[in-house]
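Asks: just a sequence and a predicted model for now, questions to come.
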Amino acid sequence: MWKCLAILVIGLGVGKAAVVEEAIEHAGAKFRVVRLDPAKVELAWRGDDGKPYETFDRVQKAYASEGKKVGFLMNAGIFEPGLIPSGLYVEKGKELRPLNLKDGKGNFFLKPNGVFMIDKGGKARVVESKSRLVQTQSAEFAVQSGPLLLMDGKRHPAFRNGSPNLKHRNGVGIDGKGRIVFAMTDKRQDVVFWDFAGLFLKLGCKDALFLDGDISQMAVNPEGPTKSNRFAAMFVVVE
């Protein structure tokens, strides 16, 4: 099974400020953090031709053809061969991939796993995959990944303080103001799940979801075409 994240697209209105990136230190590691209003966030996976965008620069090219400039990009979820999201994927109110409650190996199947979603009313949440709150008919955007980093302020039960499993990681949470919080380890920085979950607690989140590991990338206010690894769905900001 391959791992990857969807590209999330964040729309910025004309004349609004550029995306703000923060440098945060926690548990001896450095992190890149972006906090955004849910109203500015979308998910993007495939173009009009039905093929996955695959890379950041292809997303930029697609939006440039509409006269739009991309201000933020990050991979958004674990995926399968063929750049297919491993679980639930909803884009602009349409379910393109079903909820996946199967058991298996790898981080996606480390239960409880979860779903990031924005409902049609504009509220963002991170919930357990089997939660009754995962109502795809009410979702405008949704992507499933795993494991959950935080559930109501508590770390995933499988996480252990002092674990030797140091990795590059990225994830998404919802803070006390309802903002979407994106976080990723900085260059050459690694972190264990326990401390990564602790970062989201530090940032005021009670619920947070792991997105992916070593292949993860983020681009903030890119000045030109940005090369990247190959992803399925992705997070994006459009100015």
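Replies: That came in fine, so what should we check first?
Asks: count of residues packed around the residue nearest to Glu54 when sequence neighbours are not counted?
Replies: Once flanking residues are discounted, Glu54 sits nearest to Arg230: 4.9 Å by Cβ to Cβ, 6 or more residues apart in numbering. Placement of C-beta: from N, CA and C, glycine included. For Arg230, the neighbour count with other Cβ atoms under 10 Å is 15.
Asks: ok, Arg230 touching Thr55?
Replies: Yes. The pair Arg230 / Thr55 is scored as a contact, 6.1 Å apart, by Cβ atoms under 8 Å.
Asks: report the helix or strand with the lowest average pLDDT across the protein.
Replies: In the chain, no helix or strand scores lower on mean pLDDT, DSSP states H and E than strand 7-11, which sits at a mean of 48.
Asks: following that strand, which helix or strand comes up?
Replies: Next along the chain after strand 7-11, taking DSSP states H and E as the criterion, comes strand 21-26.
Asks: dump the helix or strand following that following strand to CSV, restricted to CA.
Replies: Next helix or strand after strand 21-26 toward the C-terminus (DSSP H and E): strand 29-36. Taking C-alpha atoms only, strand 29-36 is exported to CSV below (Å, rounded to 0.1, in the frame of the first residue of the first chain):
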residue,chain,number,x,y,z
ALA,A,29,11.5,19.5,17.2
LYS,A,30,10.6,22.3,14.8
PHE,A,31,7.3,22.5,13.1
ARG,A,32,5.6,24.5,10.3
VAL,A,33,2.0,25.5,11.3
VAL,A,34,-0.8,27.2,9.3
ARG,A,35,-4.2,28.0,10.8
LEU,A,36,-7.1,28.7,8.5
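Asks: who's Ser145 bridged to?
Replies: Per DSSP bridges, residues listed as beta-bridge partners of Ser145: Gly114.
Asks: relative to Val59, how far out is the residue nearest the centre of the chain?
Replies: For the chain, Ala76 is the residue whose C-alpha lies nearest the centre (Cα atoms, centre = their mean; 3.6 Å). Distance, Ala76 to Val59, using Cβ to Cβ, to the nearest Å: 11 Å.
Asks: kindly report the same for Lys154.
Replies: From Lys154 to Val59 the distance is 35 Å (Cβ to Cβ).
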